[in-house]
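In: here's a sequence, model it:
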Amino acid sequence: MITEVLPLTWLYAPGDRPDVVGKALDSGADVVLIDLEDAVAPDRKEYARTATADRLRERQPVPVHVRVNALDGPWVEGDLKALSGLPGLSGLRLPKVTSPREVVRVAELTGPARAAQDGEVALHALLESALGVEHAFAIACAHPALRGIALGEADLRADLGVREDRGLDWSRSRVVAAARAAGLPAPAQSVFPDVRDLEGLAASCTRGRALGFLGRAAIHPRQLPVIEQAYLPTPKEIVEAEQIARAATATAGAQALHDGRFIDAAVVAVAHRTLALARRRR
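Out: Residues are numbered from 1 along each chain as shown. Okay, the predicted model is just below:
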């Protein structure tokens, strides 16, 4: 059962903009995502890779993941070769994954470099097509180096022809269930594209939390506090979790609280995760 405090905010920054990457590292995001894929034009790919590798030759103040280029494209092997083994790299984001084989291939290419590091570089698969969503559980189980899966909703929306946001809810639930069935953390939500609509972002995060997501990727620092606030437990939730944790400590096994609420091992596990997240408020 995963109860450790997990990241809530993941901030993207384009790899060909070292100044923006520097600001992202100072933004307060839990994880910075340097993007070599969609945010970088073809004629800037080489520069983005070199600039990113130069930065990651040293350890960074927060975990840094890099979204490499398309796994079936001409740049990805160069990305993996340049980045693998660098001390500042904490994770690799794999775009548009559609099968377990793609994850295994990246794991095999980067395995020797990971073994030489103090800590293993985590792989995260982005599912951005109907085929990727259909293979979600198989992808989530593909390799021990895979530490998370998530949706890329812009591409998925285009692939499915979805016109309304709720049309993605089945895919969202599918990925949440696949991640948990594979023993992975709850996925983070995909980015909210309108950086000015903070009310819409908050409402979307509330919906995502209800669906089982934990945290969210962002494309602008102003989105970070909205995401964190939405995913932190409320004071009422904290009080209830404390009551459950105390009751579980006092009495082993399933039981009912004085107000009639029934608690068992699953309820207690949720309470402990709530309290772990609550510590971020202090």
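In: skip the chain neighbours and tell me the closest residue to L94.
Out: Nearest non-adjacent residue to L94, counting by Cβ to Cβ, 6 or more residues apart in numbering: A125, 5.1 Å away. All C-beta atoms are positioned from the backbone trio N, CA, C, and that covers glycine.
In: was I right to think that neighbour contacts G152?
Out: No - when contacts are counted by Cβ atoms under 8 Å, A125 is not listed as touching G152 (9.9 Å).
In: which one of these two has more residues nearby?
Out: A125 (33 against 24; other Cβ atoms under 10 Å).
In: looks to me like that one is in a strand.
Out: Yes - A125: assigned to a strand according to DSSP: H, G, I helix; E, B strand; the rest coil.
In: how much space between it and A13?
Out: 20 Å (Cβ to Cβ, to the nearest Å).
In: any regions of the protein where pLDDT drops low?
Out: 1-5, 112-119, 250-262, 264, 266, 281-282 (pLDDT under 70).
In: now do the helices in it.
Out: 18-25, 45-55, 76-83, 100-116, 130-134, 136-140, 153-160, 169-181, 198-211, 224-231, 235-250, 265-278 (DSSP state H).
In: now find how far off-centre the fifth one is within its chain.
Out: So that's helix 130-134. 18 Å (Cα atoms, centre = their mean, to the nearest Å).
In: what's the answer for the second one, then?
Out: For helix 45-55, the distance between its averaged C-alpha position and the chain's averaged C-alpha position is 23 Å (Cα atoms, centre = their mean).
In: check which residues of it are buried.
Out: For helix 45-55, the neighbour count (16 or more other Cβ atoms under 10 Å) marks 45, 48-49, 51-53, 55 as buried.
In: quick check: angle from that helix to helix 18-25?
Out: With axes from the mean of the first three to the mean of the last three Cα atoms, to 10 degrees defining the directions, helix 45-55 sits at 50 degrees from helix 18-25.
In: now for helix 45-55, which elements pack on it?
Out: helix 18-25, helix 76-83 (3 or more Cβ pairs under 8 Å, 6 or more residues apart in numbering; DSSP states H and E).
In: next, give phi and psi for R196.
Out: Geometry field for R196 lists phi and psi as phi -90, psi -20, criterion degrees, to the nearest 10.
In: how near is it to D38?
Out: Where D38 is concerned, R196 sits at a distance of 20 Å (Cβ to Cβ).
In: which of these two has more neighbours?
Out: Using other Cβ under 10 Å, the more surrounded residue of R196 and D38 is D38, with 16 against 9.
In: which residues are in contact with that one?
Out: 67, 95 (Cβ atoms under 8 Å, 6 or more residues apart in numbering).
In: equivalent analysis for the one 4 residues further on, please.
Out: Applying Cβ under 8 Å, 6+ apart, we find P42 in contact with no residue.
In: could you do D194 as well?
Out: Neighbouring residues of D194 by Cβ under 8 Å, 6+ apart: 200-201.
In: next one: it from V20, what distance?
Out: D194 is 19 Å from V20, where distance means Cβ to Cβ.
In: what's the most buried one of the helices and strands packed on helix 45-55?
Out: Neighbour counts (mean count of other Cβ atoms under 10 Å) averaged over each of those peak at helix 76-83, with a mean of 18.
In: tell me how far the residue nearest to P87 when sequence neighbours are not counted lies from L83.
Out: Nearest residue to P87 in three dimensions, chain neighbours excluded: R59, at 5.2 Å (Cβ to Cβ, 6+ apart). In this view, R59 and L83 are 14 Å apart by Cβ to Cβ.
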